[in-house]
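Asker: Task: produce atomic coordinates for the following.
(one chain, ligands or ions: 3)
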Amino acid sequence: MGTSIDAAHTEGTESALSVKKPKVVFVLGGPGSGKGTQCANIVEHFGYTHLSAGDLLRAEINSGSENGTMIQNMISEGVIVPPEVTIKLLEKAIMESENDKFLIDGFPRNEENRAMFESVTGIVPEFVLFFDCSEEEMERRLLSRNQGRVDDNIDTIRKRFKVFVESSLSVINYYNSKGRVRKIDAAKPVAEVFEAVKAVFTPVDDKAAA
Ligand SMILES: Nc1ncnc2c1ncn2[C@@H]1O[C@H](COP(=O)(O)OP(=O)(O)OP(=O)(O)O)[C@@H](O)[C@H]1O
Ligand SMILES: Nc1ccn([C@@H]2O[C@H](COP(=O)(O)O)[C@@H](O)[C@H]2O)c(=O)n1
Ligand SMILES: [Mg+2]
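Answerer: Ligands and ions are numbered 1, 2, ... in the order given. Okay, here's the model as predicted:
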């Protein structure tokens with residue numbers, strides 16, 4: 001019996017993730033809203049493992065994978081890679097980790113991502129951290145990020161904003177209707193945003209004792 005996602009699709013068997021049952025928080029927000037920056041702080045303070053779907057896809061390109069050229073072209077155009085590719089990378093990263101709690105950053109990016117992840121893994125996120133920020137501020141941040149990303153140019157940034165509005169917001173709305181979204185004002189300075197993030201991650205009991 002296979003336990004990989006490929007096997008789960010073809011044989012109708014359980015994904016390895018549905019056996020491990022990790023605790024998952026989805027971290028969503030527009031391009032440049034500060035997801036990666038805040039995830040680094042959360043890892044340091046709350047012991048999660050950070051998995052950025054975008055970083056996993058970029059690592060897949062650099063690994064010389066047969067999907068590399070397709071992923072590279074899609075990232076350069078700011079469009080969303082087929083869900084089976086991204087989910088397989090997430091599954092592998094989670095299974096290779098000894099941790100049991102994960103921040104999944106930049107996923108699910110559309111309804112297809114969300115539905116396939118839930119049906120294959122059976123995992124429902126604890127909650128969705130949503131970084132809310134204006135396009136004007138996000139554009140300013142991305143144009144000065146200077147990390148050499150092929151998609152940090154004005155043409156692709158505008159395409160990414162369009163994809164976010166047309167495909168990703170519906171995922172946030174879906175989880176909001178289930179009472180699972182924790183919305184953060186991400187337009188503030190990094191330290192202030194993290195204060196709001198901390199309040200979300202600090203257990204209710206700890207807040208009462210503080
Ligand atoms: N609150 C903030 N105020 C000002 N600059 C910020 C803030 N948060 C992050 N930045 C800067 O903005 C840029 C984008 O941040 P980051 O990479 O964390 O965003 P992201 O949401 O992960 O973007 P992407 O979706 O493109 O991966 C970085 O250069 C980061 O240093
Ligand atoms: N679920 C996802 C996540 C990302 N992508 C592609 O990667 C690009 C960069 O993502 P970041 O989160 O690092 O900004 C994104 O624009 C997509 O092309 C994806 O396809 N699916
Ligand atoms: Mg990022």
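
Asker: contact partners of stretch 150-168?
Answerer: With contact meaning Cβ atoms under 8 Å, 6 or more residues apart in numbering, stretch 150-168 is reached by 28, 30-32, 72, 75-80, 109-111, 135, 138-139, 142-143, 145. Glycine gets a C-beta too; all of them are placed from N, C-alpha and C.

Asker: 7 Å instead?
Answerer: Outside stretch 150-168, the residues within contact range by Cβ atoms under 7 Å, 6 or more residues apart in numbering are 28, 30-31, 75-80, 109-110, 135, 139, 142-143, 145.

Asker: Next: stretch 171-190.
Answerer: 28-29, 33-34, 37, 108, 110-111, 114, 125, 127-134, 137, 193, 196-197, 200.

Asker: Quick check: mean pLDDT of the helix or strand containing Val193?
Answerer: Following DSSP states H and E, one finds Val193 within helix 190-201. What helix 190-201 shows for mean pLDDT is 98.

Asker: How about it and ligand 1, any contact?
Answerer: Yes. Using Cβ under 6 Å from any ligand atom, helix 190-201 reaches ligand 1 at 190, 193.

Asker: Flag the shaky bits of the chain, pLDDT-wise.
Answerer: Along the chain, the parts satisfying pLDDT under 70 run over 1-14, 204-205, 207-208.

Asker: switch to 50 and redo it
Answerer: 1-5, 7, 10-12 (pLDDT under 50).

Asker: quick one, phi/psi of Leu28?
Answerer: Torsion angles at Leu28 (phi, psi; degrees, to the nearest 10) stand at phi -120, psi 160.

Asker: and if you look at Lys183?
Answerer: phi -90, psi 130.

Asker: tally of neighbours for Thr49?
Answerer: Neighbours of Thr49 under the rule other Cβ atoms under 10 Å: 17.

Asker: was I right about it contacting Asp100?
Answerer: No. Between Thr49 and Asp100 there is no contact under Cβ atoms under 7 Å: 9.0 Å.

Asker: returning to that earlier point: quick check: which of the contacts of stretch 150-168 are also close to ligand 2?
Answerer: 31, 75, 78-80, 109.

Asker: and whatever residue of the chain ends up closest to ligand 3, what does it touch?
Answerer: Nearest residue of the chain to ligand 3 (Cβ to the ion) works out as Gly36 at 3.5 Å. Counting by Cβ under 7 Å, 6+ apart, Gly36 makes contact with 52, 105.

Asker: how about the helices in the protein?
Answerer: Remark: helices assigned in the chain by DSSP state H are 5-11, 16-20, 35-46, 53-62, 68-77, 83-96, 111-121, 135-143, 154-163, 169-177, 190-201, 204-209.
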